[in-house]
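S.K.: I would like the atomic coordinates for the input below:
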Amino acid sequence: MKSLQSLIRQSALILMAALLLVFSVLTYAGGDALLRRFVDGRLFGLAETMAKILEQHPNIIESSGEEYARAAEVIRDKNDEREVTHSLRIFSPDGRLVWKSPNAVAQTPVPDHVFEQVRLGNSLYKTAETLDGRWSVRQLFVPIPRQGPVRHVLQAEASLLLYRETLIGLVILLTLGSGTILFVAWIGSGWLAKKVLTPIEVLSAGAETISEADLGKRLTLDSPYQEFRRLTQAFNSVMDRFQRSGETQRRFCDIAAHEMKTPLTILQGNLDVALMKARTTEEYREALINNLEQVGRLIALTRSLLTLANFTSGKPPVHLVPLALEPMIQDIVDELTPLADDRRITLSFESQSVPPVLGDAQWLKQALINLLDNALHYTPSGGAVTVHLQAVREGVAVAVEDTGHGIEPEHLPHLFERFYRTDWARAKDAGGTGLGLPIVKEIAEAHGGTISVTSQVDKGSVFTLRLPVPAHQTIQT
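M.R.: Prediction:
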């Protein structure tokens with residue numbers, strides 16, 4: 001596995017090397033162009049000066065050449081002779097050598113096409129090698145006179161030895177400079193990577209020491225950098241959620257085990273009593289009926305636990321499609337009306353025109369049945385349960401209102417907690433599981449909605465399920 005520190009150092013080195021390579025190439029190209037321009041400029045100045053002298057004194061070529069040689073000595077540089085800094089030659093238009101300066105070095109013959117270009121009145125630059133091949137020279141061919149028929153061709157040349165040595169020195173300087181910069185970049189990137197990654201190593205070491213028994217432990221990091229502070233806060237926030245989830249899990253398991261213990265104990269007791277001595281058929285029948293009730297209670301509890309487990313997983317088991325609530329609620333009310341009539345409770349449905357919601361019919365039906373079952377269960381004979389369907393600003397609201405005992409204010413914040421049951425509810429029905437309302441809450445949240453309750457003791461309660469509608473729907477209130 002690669003180290004992040006090595007990756008940072010390698011990336012910094014590669015990036016710096018690429019930048020230095022581009023910089024060196026551009027610098028070399030620019031230096032080469034400037035040096036060549038400088039050489040060409042000096043050649044042009046020398047050629048222009050000599051061309052003017054020849055145009056003003058055309059007979060100087062027929063002389064012994066001593067005066068011209070002295071003029072050339074005045075113009076050319078006095079640098080080291082081995083560089084052959086500048087030299088001059090004069091050719092006839094057909095390419096015959098007429099005169100050359102004393103320091104002119106033997107060179108390869110001038111191609112005919114050069115003289116053809118000059119005879120047309122053009123000046124021409126050319127790079128050539130000396131005859132012995134030791135160095136290169138830069139040449140400029142100029143027609144004389146500059147205007148009119150060409151009588152002579154002036155060749156001014158300069159050695160490129162200093163030019164080459166300058167470029168070699170530039171390459172050496174760029175190489176040494178780049179190597180030094182890369183070395184410093186390697187050392188500096190290592191220091192920077194260590195400085196940056198030290199807080200992460202501290203966090204990693206602290207995280208490794210946290211065990212299941214130390215879920216309350218939190219990491220602290222004294223760093224001046226905002227990013228590391230955010231990382232520490234994010235880790236601690238995750239630990240907070242993990243701790244709360246773990247505590248909820250343990251509490252859930254403890255309560256679930258407690259709830260299952262009661263019917264299992266009753267089952268075992270009934271079986272033990274039934275097996276202690278011979279019983280009549282009626283006594284065995286009574287024992288079996290009693291055990292069957294406890295088995296039903298265990299099945300209901302198990303089913304509810306499985307439902308909650310599905311909804312608390314990463315992806316709730318809902319398939320959202322456009323759904324009309326009014327016919328679905330009317331069907332539920334019609335199904336439960338016989339049960340309400342048996343208990344002498346008035347069950348009614350009041351509806352307004354509402355838009356469709358995005359919902360899963362199966363689970364929304366389960367949520368509404370849970371709410372209505374609770375309302376019918378805790379409403380006394382002669383009472384009423386009413387289902388209201390109406391549009392609200394945030395979507396659609398389904399309210400289940402009853403005229404039952406009501407709920408004490410201290411119990412309202414805990415009604416949707418798993419296995420939570422009020423003392424009055426436990427006294428009225430020992431067979432409940434305390435999971436009906438938590439299941440309603442999970443279904444509502446899986447649909448992007450909410451569930452809430454308002455209640456007054458001895459007057460009744462109202463459980464309100466709110467569901468959002470698609471964005472393109474218009475809510476009329």
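
S.K.: Strands along the stretch 351-477 of the chain, start to end?
M.R.: 357-359, 384-392, 395-402, 450-456, 460-467 (DSSP state E, counting those that start in this stretch).

S.K.: quick one, which of those is nearest to Q117?
M.R.: strand 357-359 (84.3 Å; CB to CB). For the C-beta atoms, the positions are set from N, CA and C on the backbone; glycine is no exception.

S.K.: Can you give the contact residues for the closest one?
M.R.: 318, 320-323, 325, 395-396, 447-448, 467-470 (CB atoms under 8 Å, 6 or more residues apart in numbering).

S.K.: Next one: P317 from V202, what distance?
M.R.: Note on P317: its distance to V202, by CB to CB, to the nearest Å, is 42 Å.

S.K.: Those two: who's more crowded?
M.R.: V202 (17 against 12; other CB atoms under 10 Å).

S.K.: Make sure the more buried one is actually in contact with L221.
M.R.: Yes. Counting by CB atoms under 8 Å, V202 touches L221, with 6.2 Å between them.

S.K.: before we move on, the earlier item: for the contacts of strand 357-359, which one is nearest L154?
M.R.: P470 (90.3 Å).

S.K.: Run a quick neighbour tally on that closest one.
M.R.: For P470, the count of nearby residues is 12 (other CB under 10 Å).

S.K.: what about the closest residue in space to it that isn't next to it in sequence, distance to G448?
M.R.: Leaving aside its sequence neighbours, P470 sits nearest to L358 (CB to CB, 6 or more residues apart in numbering; 5.9 Å). Counting by CB to CB, the gap from L358 to G448 is 8 Å.

S.K.: again with L43
M.R.: L43 is 83 Å from G448, by CB to CB.

S.K.: S136 too?
M.R.: Look at S136 and G448: by CB to CB, they are 81 Å apart.

S.K.: For this structure, name the helix or strand with the lowest mean pLDDT.
M.R.: helix 66-75 (a mean of 48; mean pLDDT, DSSP states H and E).

S.K.: what's downstream of that one, the next helix or strand?
M.R.: strand 86-91 (DSSP states H and E).

S.K.: so what strands line up beside that next one?
M.R.: Strand pairing for strand 86-91, using DSSP bridges, gives strand 97-100 (antiparallel), strand 152-159 (antiparallel).

S.K.: S178 contacts V22, doesn't it?
M.R.: No. S178 is beyond contact range of V22, at 11.0 Å (criterion: CB under 8 Å).

S.K.: which one of these two has more residues nearby?
M.R.: S178 (17 against 10).

S.K.: which residue packs closest to the more buried one, ignoring adjacent ones?
M.R.: Closest residue in space to S178, ignoring its immediate chain neighbours: L20 at 4.3 Å, by CB to CB, 6+ apart.

S.K.: okay, the angle between the helix or strand encompassing the one you found and strand 152-159?
M.R.: Taking DSSP H and E as the criterion, L20 maps to helix 4-56. Using axes from the mean of the first three to the mean of the last three CA atoms, to 10 degrees, the inter-axis angle of helix 4-56 relative to strand 152-159 is 150 degrees.

S.K.: Run through the stretch 301-450 of the chain and note the low-pLDDT ranges.
M.R.: 308, 310-315, 421, 423-433 (pLDDT under 70).

S.K.: Could you pull out the buried residues of stretch 378-398?
M.R.: 378-379, 383-389, 391, 395-398 (16 or more other CB atoms under 10 Å).

S.K.: tell me the two of those that are most distant?
M.R.: So, the buried residues of stretch 378-398 by CB to CB: farthest apart are G383 and G395, at 29.1 Å.

S.K.: Walk me through the domains of this protein.
M.R.: 4-167, 226-311, 321-467 (automatic domain parsing).

S.K.: could I get those domains as CSV with distance to G190?
M.R.: Shown next, in CSV, are the domains of the chain (distance: least, CB to CB, whole Å):
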stretch, distance to G190
domain 4-167, 5
domain 226-311, 19
domain 321-467, 50
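
S.K.: Highest mean neighbour count across those domains, which stretch is it?
M.R.: Of all the domains of the chain, domain 321-467 carries the top mean neighbour count, a mean of 17, counting by mean count of other CB atoms under 10 Å.

S.K.: what's the offset of that domain from the middle of its chain?
M.R.: 44 Å (CA atoms, centre = their mean, to the nearest Å).

S.K.: Check stretch 101-111 too.
M.R.: 68 Å.

S.K.: now do stretch 164-173
M.R.: 46 Å.

S.K.: for stretch 36-47, same thing?
M.R.: 58 Å.

S.K.: Okay, now the unreliable bits of the stretch 1-150 of the chain?
M.R.: For the stretch 1-150 of the chain, the ranges with pLDDT under 70 are 1-2, 60-85, 132-133.

S.K.: rerun at 90
M.R.: 1-13, 39-40, 42-43, 45-124, 126-139, 144-150 (pLDDT under 90).

S.K.: where exactly do the strands run in the stretch 201-350 of the chain?
M.R.: 321-323, 346-351.

S.K.: now for those, which one comes closest to V153?
M.R.: strand 321-323 (94.4 Å).

S.K.: was I right about Q5 contacting G190?
M.R.: Yes. The pair Q5 and G190 qualifies as a contact (CB under 8 Å) at a distance of 7.5 Å.
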